[in-house]
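Peer 1: sequence and predicted structure are below.
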Protein chains: 2
Amino acid sequence: MDTHQTMHQQWIYRQHPSGLVGPEHYELVQQPLSTELSAGEVLVKTSFISVDPYMRINQSLKPTYNAEPHPLDIVQSAGAVGEVIASQSTGFAVGDWVEGMLGWQTHARVHGGVLRKLDPLQAPVSTALGVLGMPGRTAWFGLTESGRPHAGEVVVVSGAAGAVGSLVAQFARHHGCKVLGIAGGPSKCAWLTETLNLDWALDYKEFADAETLSRAIKSRTGGVDVYFDNVGGWITDAIFPIINRRARMVICGSISQYSGGLDVPEMGPRFLHHMLYQRATIQGMLARDYVHRMDEMVRIVGPMVKSGDILFEETIVHGFEELPATLRSLFTGDHRGKLLVRV
Amino acid sequence: MDTHQTMHQQWIYRQHPSGLVGPEHYELVQQPLSTELSAGEVLVKTSFISVDPYMRINQSLKPTYNAEPHPLDIVQSAGAVGEVIASQSTGFAVGDWVEGMLGWQTHARVHGGVLRKLDPLQAPVSTALGVLGMPGRTAWFGLTESGRPHAGEVVVVSGAAGAVGSLVAQFARHHGCKVLGIAGGPSKCAWLTETLNLDWALDYKEFADAETLSRAIKSRTGGVDVYFDNVGGWITDAIFPIINRRARMVICGSISQYSGGLDVPEMGPRFLHHMLYQRATIQGMLARDYVHRMDEMVRIVGPMVKSGDILFEETIVHGFEELPATLRSLFTGDHRGKLLVRV
């Protein structure tokens, strides 16, 4: 028997954050890895672990999309990609690459039924957490089903350099739309226009308030047909006065509100009267409503990724121990595209 | 020749209101009535003149549903019902009852093409400004096309004792929905439950804030599937936290915001994250989008009115000179159903 035991490391969610979430809300624990499996189970060694804005929603004390917040004192729930290292499931063999809600841990013992098998030849396995995973599904169905863009329309995307936003912006370009991306900082904006070929990019940090941002968007675009919102707050305030007739506003995220604003709402200008003027629609959407349509998304988007028509960017932080700090940096940081931790 | 000349009286819109609109923004002018008509024209003596909340929207200095506000120094635009007293149109004869955008004036010289001929035997002619007119059309299509109610669902209506709200509430009952009406004062609430047979009515004046109103609605209904909004502001704030999965919020009006809030927005809690949680929809609607579908509405609602299945209430103020004060009372007053001025 090997005396050098493999350790099973886990990040335990210990404490509700009231503002920003970070390392102080987690504890790293470890124990010798158990390789015991029941029939149908699989042991996965995780390679890429996801941090996503929705995790902070799920830590709100008020009901959100779940009636109850993420429980304390268990492993932080998260999507992850890994390799099967032991299997009692007929569907999975050692060496298979899989994706699933494996959590913030180095190893996961799960039933095979919760795993999605990946084809490493189709695309890098990390894309199962990005462009060919939940963020890609969110972007594709959020834009096509809720945004319903048409060629020639103006699509504005907030959080346009993020995991979802950068895909929405590119999908909208492929629909023949004119696309304006809003992001933080000149380097993100340069990436949006120069690499992703957006028509316009605006650095929100250059604007003092919603009114000046609103005027800048209006002067470039003439008005907004589809607004794909990842951020909420004052950036979204800027859009309401400049929506076009029958505009569609897709509420995909409100990241500016997550670090406290879900528990104690921030105040902002009332703007629902603009919906009336323009007979516009606001539609909230969640990726989970489209899980059963992954095959549609992958069928269409997979070839776009392979051909290079859709670019995906990954910001990969190395080290399992970096997970809580990386989650925090989602809300403060400067990453581009999908933020991941490499175990 | 008759020496007793008929006078043509008109209320001229003279000054933009910044807050409440009222008599100080209008001037009553009169001149001898001219009976001159060109080919195709009709002279109408008005009998019932409408005051509607949308008039105040149109006085906002910011772009609303029209790019430009109502011009100063012309007759206040308004729907009215009257009798044809002279005609050069083959479509209209002296004695015909008609409805159209005739304005705040005792007589109107208009092209026959802008008039809708009324059948006084079908329903009282005043209903052409109410249940069988613009408010009825708003209520019917707002509920059916934007609200999309289903039997067993919970429909909450704000401004439920008003011209539109009282119809929406009854239409929703006919759809098999459970209906909660929100209105101001105990007598309106008693009317809603006792006469209109709503399941519940709440007097918003009994609640200190959105949170307590929200709890009261939640405890009665269990949650909201369709919210039909005529008022906006803090009453609407109360709804967001208690919407059900895939709720539809219809923005038909925001009367609480009209007397200033359209120019300088009021502040309120940010709530768009609730759209995300529940994958809900907010849809703005305007009666003008359904003008071409009046025949559908009258075909369905007309018989309901005739049979007494749908009750319509009119609050009729007597005297042409009362028009500006009556418009003001829309925003402050205690009327029930459709508010009209009898010339």
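Peer 2: Cool, got the structure.
Peer 1: now the closest residue to A:Met7 other than its chain neighbours: phi and psi?
Peer 2: Distances taken as CB to CB, 6 or more residues apart in numbering or on different chains put A:Gln30 closest to A:Met7, at 4.7 Å, once the chain neighbours are dropped. C-beta here means a position set from N, CA and C on the backbone, and glycine is covered the same way. Backbone geometry at A:Gln30, expressed as degrees, to the nearest 10, gives phi -150, psi 160.
Peer 1: cool, and A:Gly268?
Peer 2: Dihedral angles for A:Gly268 - degrees, to the nearest 10 - are phi -150, psi 170.
Peer 1: which strand residues bridge it?
Peer 2: B:Gly268 (DSSP bridges).
Peer 1: hang on, the earlier thing: could I get the pLDDT score of the residue nearest to A:Met7?
Peer 2: Looking at A:Gln30, its pLDDT reads 97.
Peer 1: need the contact list for it.
Peer 2: A:Met7, A:His8, A:Gln9, A:Gln10 (CB atoms under 8 Å, 6 or more residues apart in numbering or on different chains).
Peer 1: give the ChimeraX command for selecting the buried subset of these.
Peer 2: Here is the ChimeraX command that selects the buried residues among the contacts of A:Gln30 (16 or more other CB atoms under 10 Å in any protein chain shown):
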select /A:8,9,10
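Peer 1: what two of the contacts of A:Gln30 are the furthest from one another?
Peer 2: Pairwise distances across the contacts of A:Gln30 peak at 10.0 Å for A:Met7 and A:Gln10 (criterion: CB to CB).
Peer 1: between these two, which contacts overlap?
Peer 2: Common neighbours of A:Met7 and A:Gln10 (CB under 8 Å, 6+ apart) are A:Gln30, A:Thr106.
Peer 1: pLDDT below threshold where in the stretch 1-150 of chain A?
Peer 2: Applying pLDDT under 70 to the stretch 1-150 of chain A flags the ranges A:1-3.
Peer 1: redo that, cut-off 90
Peer 2: A:1-5, A:63, A:67, A:122 (pLDDT under 90).
Peer 1: show me where it has its strands.
Peer 2: Counting by DSSP state E, counting those that start in this stretch, the stretch 1-150 of chain A has strands at residues A:7-13, A:26-32, A:41-50, A:74-75, A:80-87, A:97-100, A:107-111, A:116-118.
Peer 1: and the fourth one, what does it pack against?
Peer 2: Packed against strand A:74-75 by the contact rule (3 or more CB pairs under 8 Å, 6 or more residues apart in numbering or on different chains; DSSP states H and E) you find strand A:7-13.
Peer 1: in stretch A:269-284, what counts as buried?
Peer 2: A:269-284.
Peer 1: tell me which of the residues you listed fall in helices.
Peer 2: Judged by DSSP state H, the subset of the buried residues of stretch A:269-284 located in helices is A:His273, A:His274, A:Met275, A:Leu276, A:Tyr277, A:Gln278.
Peer 1: could you dump the strands of the stretch 1-150 of chain A to CSV with distance to A:Gly147?
Peer 2: Output for the strands of the stretch 1-150 of chain A, formatted as CSV (distance: least, CB to CB, whole Å):
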stretch, distance to A:Gly147
strand A:7-13, 33
strand A:26-32, 35
strand A:41-50, 24
strand A:74-75, 35
strand A:80-87, 28
strand A:97-100, 26
strand A:107-111, 34
strand A:116-118, 26
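Peer 1: which of the ones in helices among the buried residues of stretch A:269-284 lies closest to chain B?
Peer 2: Among those, A:Met275 lies closest to chain B (CB to the nearest CB), at 3.1 Å.
Peer 1: list the contacts of the nearest residue to the closest one once chain neighbours are set aside.
Peer 2: In space, and not counting its chain neighbours, A:Met275 is closest to B:Gly284: 3.1 Å by CB to CB, 6+ apart. Applying CB under 8 Å, 6+ apart to B:Gly284 gives the contacts A:Leu272, A:His274, A:Met275, A:Leu276, A:Tyr277, A:Gln278, A:Arg279, A:Ala280, A:Thr281, B:Ile251.
Peer 1: ditto for A:Val21
Peer 2: A:Met55, A:Arg56, A:Gln59, A:Ser259, A:Pro324, A:Leu327, A:Arg328, A:Phe331.
Peer 1: which of these has the most neighbours?
Peer 2: Tallying neighbours with other CB atoms under 10 Å in any protein chain shown puts A:Leu327 at the head of those, with 28 neighbours.
Peer 1: give me the pLDDT for that one.
Peer 2: Per-residue pLDDT puts A:Leu327 at 98.
Peer 1: check which helix or strand it maps to.
Peer 2: Using DSSP states H and E, A:Leu327 falls within helix A:323-332.
Peer 1: any part of that helix near chain B?
Peer 2: No - figure legend: helix A:323-332 not in contact with chain B (CB under 8 Å from any CB of the partner chain); closest approach 14.6 Å.
Peer 1: buried residues of the helix or strand following that helix, list them for me.
Peer 2: Downstream of helix A:323-332, the next assigned helix or strand under DSSP H and E is strand A:338-342. Within strand A:338-342, the residues that count as buried by 16+ other CB under 10 Å are A:Lys338, A:Leu339, A:Leu340, A:Val341.
Peer 1: one more: stretch A:107-118?
Peer 2: A:His107, A:Ala108, A:Arg109, A:Val110, A:Gly112, A:Leu115, A:Leu118.
Peer 1: what's the most distant pair in the residues you listed?
Peer 2: Taking CB to CB, no two of these sit farther apart than A:Arg109 and A:Leu118, at 18.9 Å.
Peer 1: TSV for the buried residues of stretch A:107-118, including distance to B:Ile242?
Peer 2: What follows is those, written out as TSV (distance: CB to CB, whole Å):
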residue	distance to B:Ile242
A:His107	42
A:Ala108	37
A:Arg109	40
A:Val110	36
A:Gly112	40
A:Leu115	37
A:Leu118	41
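Peer 1: for the stretch 151-300 of chain A, what spans make up the strands?
Peer 2: A:154-158, A:178-183, A:200-203, A:224-229, A:243-251, A:267-269, A:281-284.
Peer 1: so which of these is nearest B:Phe207?
Peer 2: That would be strand A:267-269 among the strands of the stretch 151-300 of chain A, by CB to CB, at 19.4 Å.
Peer 1: hmm, who's touching that closest one?
Peer 2: A:Ala210, A:Gly233, A:Trp234, A:Asp237, B:Pro265, B:Glu266, B:Met267, B:Gly268, B:Pro269, B:Arg270.
Peer 1: now that strand: average pLDDT?
Peer 2: On average, strand A:267-269 scores 97.
Peer 1: pull the distance from it to the chain's centre.
Peer 2: Strand A:267-269 sits 26 Å away from the centroid of its parent chain (CA atoms, centre = their mean, to the nearest Å).
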